[in-house]
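**Q** structure for the following, please:
(2 chains)
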Amino acid sequence: MIVPYTHVLLLSAVLFLCGIVCMITRYNLMMVLIGLEIMLNAAAIAFVGAGLHWLQMEGQVMAIFILAVAASEVSVGLALIVRIYHQTGSIDTTNID
Amino acid sequence: MCVYAIIFYLIAAVMILATIMAITRKNIVHSVLYLVVSFLCSALIFYILGAPFLAAFEVIVYAGAIMVLFLFIVMMLKIKVPAVQKLPFQQYLMALFICGIYFLACILLMHFSAPLLKEPMQAASASPAFFGKYLFEHHWMAVELASLLLLIALIGAQQLGAGMYRQSNHGGGK
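**A** Residues are numbered from 1 along each chain as shown, chains lettered A, B, ... in the order given. Presented below is the predicted three-dimensional model:
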């Protein structure tokens, strides 16, 4: 017997909130990407918990696709950050025209 | 309360603490290192929730590859630590308001969810072999789409990088 599903959901909700706070309160583009990562990870945890609760594999399948999407999103995002750094000389969100 | 539940709560506490530390650090390197701790905890939670393959994947891809990529970019760019920048007070109020609504929704969900959701889950585990068989039997189309997405991301990142150097060479020639 493990914990109830609601506790898994609550953990994932708190993590998602951390991600949102990081995304909207930090001015650094890198921190915005990190917040996005935290949010995707929280969603993956919720999916895996749901998969265990209903004893379906779909939750884990969805989580693995979330991982793939996160990997591709990070690669493009970091390339954009490097490009923005070359054009504006900083990675501050306030400096981007 | 069995030993699984105790381990779950411990890991969850460590994970939330590490994430909060990660999002409040000024230095991005510290932040990324705390995030690695958070992702390792996440891998342990996947393992407890019966997904050993995903746990290994999380360690290899998230904590291994993505975070190293972040560190590479941090070392590549000379990031000046900016002077203290704070959100305007009004925006903080708005953010707190939205967070409050969000948390209210979570608490309501917890409270009024079906009684089935409040019972502890049975421990179960899907072996990597079973998981892989299921993935390729039922979701082969999605696997193909994911691989296509990764290819597109690769080409996009390459184009962004190549365009940058073409532009800078052009600008230098002038």
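**Q** from now on I want contacts and neighbour counts done on CA atoms only, so please keep to that.
**A** Noted.
**Q** can you pull the contacts of A:T93?
**A** A:T93 makes contact with A:27-29, according to Cα atoms under 8 Å, 6 or more residues apart in numbering or on different chains.
**Q** let's go with 6 Å and repeat that
**A** Applying Cα atoms under 6 Å, 6 or more residues apart in numbering or on different chains to A:T93 gives the contacts A:Y27.
**Q** look up how far chain B lies from it.
**A** A:T93 sits 11 Å away from chain B, going by Cα to the nearest Cα, to the nearest Å.
**Q** which pLDDT value goes with that residue?
**A** Looking at A:T93, its pLDDT reads 80.
**Q** which residue comes closest to the residue in chain A that chain B sits nearest to once chain neighbours are left out?
**A** For chain A and chain B, the shortest gap (Cα to the nearest Cα) falls at A:P4, measuring 4.0 Å. Spatial nearest neighbour of A:P4, chain neighbours left out: B:P120 (4.0 Å); criterion: Cα to Cα, 6 or more residues apart in numbering or on different chains.
**Q** can you check A:I38 too?
**A** A:G19 (5.1 Å).
**Q** wait, the one you found sits on A:G35?
**A** Yes. Counting by Cα atoms under 6 Å, A:G19 touches A:G35, with 4.2 Å between them.
**Q** mind checking if the strand or helix carrying B:L154 is in reach of chain A?
**A** B:L154 is part of helix B:140-173 when elements are defined by DSSP states H and E. Yes. Using Cα under 6 Å from any Cα of the partner chain, we find that helix B:140-173 touches chain A at B:150, B:153, B:157.
**Q** return the set of buried residues in the strand or helix carrying B:A95.
**A** Assigned by DSSP H and E, B:A95 belongs to helix B:89-112. Residues of helix B:89-112 classed as buried by neighbour count (16 or more other Cα atoms under 10 Å in any protein chain shown): B:99, B:103, B:106, B:110.
**Q** how close does the first one sit to B:T24?
**A** Okay, so that is B:C99. 17 Å (Cα to Cα, to the nearest Å).
**Q** what's the answer for the third one, then?
**A** Computed with Cα to Cα, the distance linking B:C106 and B:T24 is 23 Å.
**Q** over to the second one?
**A** Shown here: B:F103 relative to B:T24, a distance of 20 Å by Cα to Cα.
**Q** quickly find the element holding the residue nearest to A:I38.
**A** helix A:5-25.
**Q** packing partners of the next helix or strand after that helix?
**A** Sequence order places helix A:29-53 as the next helix or strand after helix A:5-25, per DSSP H and E. Counting contacts by 3 or more Cα pairs under 6 Å, 6 or more residues apart in numbering or on different chains; DSSP states H and E, helix A:29-53 is packed against helix A:5-25, helix A:58-88.
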